[in-house]
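Chemist: Turn this into a model:
(one chain, ligands or ions: 1)
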Amino acid sequence: MWTEARIVIINDRIPGGPQTILGPAGCGPDVAVLDEVADATVITLDDTDERLALLQSLLEERGLRCSVRRNDRFTDEELEAARLLVMEYDTNATVFAGPMMGTTYDMSDACNRCGAGARQTSALFIDGEMLPRLEGRRAATTSHEEPLVDEKLAAALALSGATGLSFRDVFAAFEERGFRIPWRQVCATHPLPPMSPRSTGIEHYEPCPCGRSCFTGKEEVPLRLAYRASDLADIRDVNVTWEWYGISKYTGDLSESVLPYPLFLVTPKVRRIFLDAGITGFDWLPIRVVDE
Ligand SMILES: [Zn+2]
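Modeler: Numbers count the residues shown, from 1 in each chain. Sure thing, here's the model as predicted:
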């Protein structure tokens, strides 16, 4: 495993252009890539690379502060050996779904302040305007990290004997009408116990009194979810976190609410099925197993 550190600098904020910093910091085209659309330069380094501190001090000298986004990266062997993997999808390719699109939920066991614990009771309705994002793909997620797969991949998952999952139909919702699309939502039936307090890279902002929602990742600290060995005694191939992440705007009226959501944690067996189907776009992040 190594930790990747990524800095994005906006080119026109650097007097004289980004090269006046990249050159002295020793960052060549192997680590600094131009993002033409954003007119930015993306620098990716190993977190232990001394050029990182040099780059930061050169930016500070010019009165610029750039945050460093850190992510752990793993070898295939490390991913294969993990107990569970957090499944995260390319956020640029997600589709909006949830109660505002017409998906219904049973709120009887949910927190009445944040909506954590909402239980989906209908097919999944996604924003029809976002359908083009699914074109040419076989898997994706909603903006709430719910995995979506095409029917062939759903059949492969079902045939594999993977445990802890079920499927729901997916509808594209438009203002006037909706229609079913040849995709399936992967639903998890097994929540894990609360994570270990030794997890890092997670912020618990404006916590709801229920303690279960308002979790989000921290940019500068890599996300590392930790579980005690005893928490994992009863895992399935597909599981969800006890904690619910993301924005919560639960008003009591589901049609105008944004619900928080749990993260999906899957075994390497499930990752392998996605890889065998030729699917890229997911980041797979091993959990850590700790004593307490
Ligand atoms: Zn709550």
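Chemist: Give me the packing partners of the longest strand anywhere in the chain, helices and strands only.
Modeler: Criterion DSSP state E: the longest strand present in the chain is strand 178-188. Counting contacts by 3 or more CB pairs under 8 Å, 6 or more residues apart in numbering; DSSP states H and E, strand 178-188 is packed against strand 147-150, helix 151-159, strand 165-173, strand 238-245, strand 261-266. Every C-beta, even on glycine, is put in place using the N, C-alpha and C of the backbone.
Chemist: Ok, which of those comes nearest the ion?
Modeler: Nearest to the ion among the helices and strands packed on strand 178-188 is strand 238-245 (8.1 Å), distances taken as CB to the ion.
Chemist: who touches the closest one?
Modeler: With CB atoms under 8 Å, 6 or more residues apart in numbering as the test, strand 238-245 has contacts from 84, 114, 116-117, 145, 162-165, 186, 188-195, 212-213, 215-217, 225, 260-267, 270.
Chemist: One more: stretch 93-109?
Modeler: Counting by CB under 8 Å, 6+ apart, 115, 117-127, 130-131, 133-134, 137, 140-144, 146, 148, 171, 173, 178, 254-259, 281 sit against stretch 93-109.
Chemist: Those in strands, which ones?
Modeler: Among the contacts of stretch 93-109, the members found in strands (DSSP E) are 119, 120, 124, 125, 126, 127, 140, 141, 148, 171, 173, 178.
Chemist: Tell me how many other residues crowd the nearest residue to residue 75 once chain neighbours are set aside.
Modeler: Excluding its sequence neighbours, the residue lying closest to residue 75 (CB to CB, 6 or more residues apart in numbering) is residue 1, at 7.5 Å. Per other CB atoms under 10 Å, the neighbour tally for residue 1 reads 10.
Chemist: Next: residue 80.
Modeler: 14.
Chemist: Residues contacting the longest strand of the chain, please?
Modeler: 102, 120, 123-125, 128, 131, 134, 146-151, 154, 157, 164-172, 236, 238-240, 262, 264.
Chemist: cool, and stretch 32-49?
Modeler: Contacts for stretch 32-49 (CB under 8 Å, 6+ apart): 2-12, 18, 22, 27, 31, 51-52, 55, 70.
Chemist: one more time with 6 Å, if that's ok
Modeler: If you take CB atoms under 6 Å, 6 or more residues apart in numbering as the criterion, stretch 32-49 is touched by 2-3, 5-11, 18, 22, 27, 31, 51-52.
Chemist: Which members of the ones in strands among the contacts of stretch 93-109 define the maximum pairwise distance?
Modeler: Farthest-apart pair in the ones in strands among the contacts of stretch 93-109 is 119 and 140; separation 22.8 Å (CB to CB).
Chemist: higher neighbour count, these two?
Modeler: residue 140 (23 against 11).
Chemist: ok, now how distant is the more buried one from residue 19?
Modeler: 38 Å (CB to CB, to the nearest Å).
Chemist: Would you point to the one among the helices and strands packed on strand 178-188 that's packed deepest?
Modeler: Highest mean neighbour count among the helices and strands packed on strand 178-188 (mean count of other CB atoms under 10 Å): strand 261-266, with a mean of 26.
Chemist: packing partners for it?
Modeler: strand 85-89, strand 238-245 (3 or more CB pairs under 6 Å, 6 or more residues apart in numbering; DSSP states H and E).
Chemist: Using JSON lines, please lay out those strands together with distance to the ion and mean pLDDT.
Modeler: What follows is the helices and strands packed on strand 261-266, written out as JSON lines (distance: least, CB to the ion, whole Å; pLDDT from 0 to 100):
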{"stretch": "strand 85-89", "distance to the ion": "22", "mean pLDDT": "94"}
{"stretch": "strand 238-245", "distance to the ion": "8", "mean pLDDT": "97"}
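Chemist: quick one: low-confidence ranges for this protein?
Modeler: Under the criterion pLDDT under 70, no range of the chain is flagged.
Chemist: pull the longest helix from it.
Modeler: helix 51-61 (DSSP state H).
Chemist: tell me which strands and helices that one is in contact with?
Modeler: Using 3+ CB pairs under 6 Å, 6+ apart, helix 51-61 is in contact with helix 19-25.
Chemist: list the buried ones in the helix it packs on?
Modeler: Buried residues in helix 19-25, counting neighbours by 16 or more other CB atoms under 10 Å, are found at 21, 22, 25.
Chemist: Please state the offset of it from the chain centre?
Modeler: With CA atoms, centre = their mean, to the nearest Å as the basis, helix 19-25 stands 33 Å off its chain's centre.
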